[in-house]
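1. only geometry, no sequence info:
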C-alpha cells in the first residue's frame, strides 16, 4: 500500500515544480551601486539531499542498498523531485538574477538603479534588465527578460519583488512565461546573519493550462534553519490528486552529521518520526 501512496505523493510534488552585502538606502555613491538581495533568496539549499558525498555513498550504492521505503531514501526522493522540477522551471530567471552580481548598475535618478546584461549558460540568447527602486521603506525589484532566436519573445516582466531596507527579508513573485505572464510562484525569504534563515516557495497560480481552477494552488515547499541538533528542515505541502486533498511531509536533519528524520502520514500511515543515521540507514528514533 505504501508504494502507490508514495508515488501519488511524489507525483503531486512533481506537478508543482524545481553574496551580497547588506541592503541599504546608502547605495555607494562612489561606485554608484545598489546592493542586491542575497542570491540565495531565490534558491533553496538542496545540497544535503543531492550530494551523495554527505552520506559517504555513491548514487549507485544508495539505490542498490536502500529499499524504496527507506526513511532517508523517501526524503531524498521528495526533495529531489522538488529540486529538479523547480530548477527546470526557474532556470532562466534564477540565472538572470545571479548574473546581475557580475554587473554594475546605472543610476537612473529618482532612487532607481538599472542592471542590463546578457545571460550566459544557455544555448538560446537571453538579455536581462533588472531595476531596483529605493522607496525609503523598501527596495522594489523588477526583472525583465528578452529572448532572441528560436522561441523568441519580446521583453516581459518575468519576476518582481521587494526587500527590506536592512536586507533581512523580502519576497519574489514569478510569472509563468512570456506566453502566460500570470503570477505562478511566490518566494518569501528571511535572512539570518549571513545566510538565509527561511525560504518558502508557494504555488499561487489561479488557473491551470486548461483554464480550470488550479488544484495545486497554495501548495508550498519551505526550507529553514532551527535550533537544536537537527538544525535544518524542509516542509512540503502539496495537493495529492490520488486522495484529492493536500499531503504534508516534514524533514529535519543535521547539516553537520547528516542524521535526520521524516514525518509523512500519507506514506508511513502514522504521525511518528522515522529516522536515519549518518550513513542514510534506518534507525530507531531516540
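-> Done, it's in. What you are looking at is a predicted structure, and each value in this text was computed from that prediction instead of being measured.
2. helices along the stretch 51-200 of the chain, start to end?
-> All helices of the stretch 51-200 of the chain, identified by DSSP state H, counting those that start in this stretch, fall at 59-65, 71-100.
3. which of the ones you listed has the lowest mean pLDDT?
-> Note on these: lowest mean pLDDT is at helix 59-65, with a mean of 36.
4. for stretch 222-238, which positions count as buried?
-> By neighbour count on 16 or more other CB atoms under 10 Å, the buried set for stretch 222-238 is 222, 223, 224, 225, 230, 232, 233, 234, 235, 236, 237, 238. (Glycine included, C-beta is placed from N, CA and C.)
5. please apply the same query to stretch 275-286.
-> 275, 276, 280, 282.
6. I'd say the third one and residue 49 touch.
-> No. Under the criterion of CB atoms under 8 Å, residue 280 makes no contact with residue 49, lying 10.4 Å away.
7. looking at the buried residues of stretch 275-286, which is nearest residue 75?
-> Residue 75 lies nearest to residue 276 out of those, by CB to CB, at 7.8 Å.
8. what's near enough to touch that closest one?
-> Residues near residue 276 by CB atoms under 8 Å, 6 or more residues apart in numbering: 70, 71, 72, 75, 259, 260, 261, 282, 283.
9. residue 259 and residue 277 touch, don't they?
-> Yes. Residue 259 lies in contact with residue 277 (CB under 8 Å); the separation is 5.6 Å.
10. got the confidence number for residue 106?
-> 95.
11. next one: the one 4 residues further on
-> Listed pLDDT for residue 110 reads 94.
12. with residue 132 instead?
-> 97.
13. quick check: bridge partners of it?
-> residue 113, residue 141 (DSSP bridges).
14. how close does it get to residue 139?
-> For residue 132, the distance to residue 139 (CB to CB, to the nearest Å) stands at 5 Å.
15. so what sits against both of those two?
-> Taking CB under 8 Å, 6+ apart as the contact rule, residue 132 and residue 139 both touch residue 34.
16. report how many residues lie close to residue 95.
-> 16 (other CB atoms under 10 Å).
17. hang on, it packs against residue 118?
-> No. Using CB under 8 Å, residue 95 is not in contact with residue 118; the gap is 11.0 Å.
18. re earlier: same list (the buried residues of stretch 222-238) but as CSV, adding pLDDT, distance to residue 252 and secondary structure.
-> Compiled in CSV, those are given as follows (pLDDT from 0 to 100; distance: CB to CB, whole Å; DSSP: H, G, I helix; E, B strand; the rest coil):
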residue, pLDDT, distance to residue 252, secondary structure
222, 95, 12, strand
223, 94, 11, strand
224, 94, 10, strand
225, 94, 11, strand
230, 97, 4, coil
232, 95, 7, strand
233, 96, 5, strand
234, 95, 8, strand
235, 95, 10, strand
236, 93, 12, strand
237, 92, 15, strand
238, 82, 18, strand
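19. what stretches of this structure score poorly on pLDDT?
-> Along the chain, segments meeting pLDDT under 70 span 1-33, 51-69.
20. quick one, strands of it?
-> Counting by DSSP state E, the chain has strands at residues 106-109, 112-119, 125-134, 138-148, 153-164, 169-175, 183-192, 195-203, 220-225, 232-240, 245-253, 260-263, 274-276, 282-283.
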